[in-house]
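Participant: I'd like to go over a predicted model; first the sequence, then the structure.
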Amino acid sequence: MTTAATDPNAGKRAAAEAALKEVQDDSVVGVGTGSTVRFFIEGLARMRARIEGAVSSSEQSSALLRAAGIPVLDLNAVGPIPLYVDGADECDPWRRLIKGGGAALTREKIVAEAAQRFVCIIDPSKRVEVLGRFPLPVEVIPMARSLVARALVQLGGQPVWRDGTTTDNGNWILDVHGLRITDPVGLEREINQIPGVVSVGLFARRPADVVLIGATPMADPPR
């Protein structure tokens, strides 16, 4: 029998269950992408009669939501949403994130921007002091792949094309290795200005409002 002590997904399950407490009745819920979010969708299925539906950040999550009997709604039709729940590949003490390991970073960033409250659910392994250990994903228009890669080298990174991956938007991903991101807001702004970049997986200008590490909220950011 699997127990909390032996379940490798215990932290993810605990975070997902804690995030369910943030869901408001009769609301539209923003739903992200990834392994931790899968557990959140499983929990959301148990309360599907209490919500209007969900706005999804990826085709993968949309399929899981529909399979759970939860209506998937168009963000253009619902406007601002009260809650967005998503995971992260890294999180620093200021709740700034690296996301995009599942190649859904652009849609994730759009839904996060539309949400009044962004709750990030992670297991303890995703917590870091300085972002950059996880390669930073950058979504690029295909014709600009080499152009953007050269610009990222000038910023001190080592971009690697995620060969064989096409985003839901029809674009490609460059994973940037070797960065130690001490100014996430500034780097996010700088990379977004490179022609051909669709979005960068830094969620720093709009960080998470709450980070749940397992069932425990992360401490307030240092001053």
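Facilitator: Looks like it came in fine.
Participant: what segments of the protein are helices?
Facilitator: With helices called from DSSP state H, the chain shows them at 10-20, 35-46, 59-67, 75-78, 105-114, 145-154, 184-192.
Participant: okay, those helices in JSON lines with mean pLDDT and mean neighbour count next?
Facilitator: All C-beta spots, glycine's among them, are computed from the backbone N, C-alpha and C. Below are the helices of the chain laid out as JSON lines (pLDDT from 0 to 100; neighbours: other Cβ atoms under 10 Å):
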{"stretch": "helix 10-20", "mean pLDDT": "93", "mean neighbour count": "21"}
{"stretch": "helix 35-46", "mean pLDDT": "96", "mean neighbour count": "20"}
{"stretch": "helix 59-67", "mean pLDDT": "97", "mean neighbour count": "17"}
{"stretch": "helix 75-78", "mean pLDDT": "96", "mean neighbour count": "12"}
{"stretch": "helix 105-114", "mean pLDDT": "98", "mean neighbour count": "22"}
{"stretch": "helix 145-154", "mean pLDDT": "98", "mean neighbour count": "16"}
{"stretch": "helix 184-192", "mean pLDDT": "98", "mean neighbour count": "17"}
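Participant: how near is D168 to S56?
Facilitator: Noted for D168: a distance of 10 Å to S56, by Cβ to Cβ, to the nearest Å.
Participant: those two: which has the busier surroundings?
Facilitator: Neighbour tally, D168 and S56, criterion other Cβ atoms under 10 Å: the higher count belongs to S56, 28 against 15.
Participant: run a quick neighbour tally on D163.
Facilitator: 7.
Participant: same question, the one 10 residues further on
Facilitator: Using other Cβ under 10 Å as the criterion, I173 is surrounded by 24 other residues.
Participant: that one: what's it in contact with?
Facilitator: Contacts for I173 were tallied using Cβ atoms under 8 Å, 6 or more residues apart in numbering; they are 100, 103, 137-140, 161-162, 165, 167.
Participant: recalculate using a threshold of 6 Å.
Facilitator: If you count contacts by Cβ atoms under 6 Å, 6 or more residues apart in numbering, I173 has them with 103, 137, 139, 162, 165.
Participant: quick check, pLDDT for it.
Facilitator: The per-residue pLDDT reported for I173 equals 98.
Participant: how about the nearest residue to it once chain neighbours are set aside, phi and psi?
Facilitator: Nearest non-adjacent residue to I173, counting by Cβ to Cβ, 6 or more residues apart in numbering: R162, 4.1 Å away. Backbone torsions of R162, given as degrees, to the nearest 10, read phi -80, psi 80.
Participant: now R162: how far from W172?
Facilitator: Taking Cβ to Cβ, one finds R162 at 7 Å from W172.
Participant: of these two, which one has the most company?
Facilitator: Of the pair R162 and W172, W172 is the one with more neighbours under other Cβ under 10 Å, namely 22 against 19.
Participant: ok, that one - contacts?
Facilitator: Contacts for W172 (Cβ under 6 Å, 6+ apart) come out as 140, 142, 145.
Participant: how about the nearest residue to the first one, chain neighbours excluded?
Facilitator: Spatially, and ignoring its direct neighbours in sequence, V140 is nearest to V148 (4.7 Å; Cβ to Cβ, 6+ apart).
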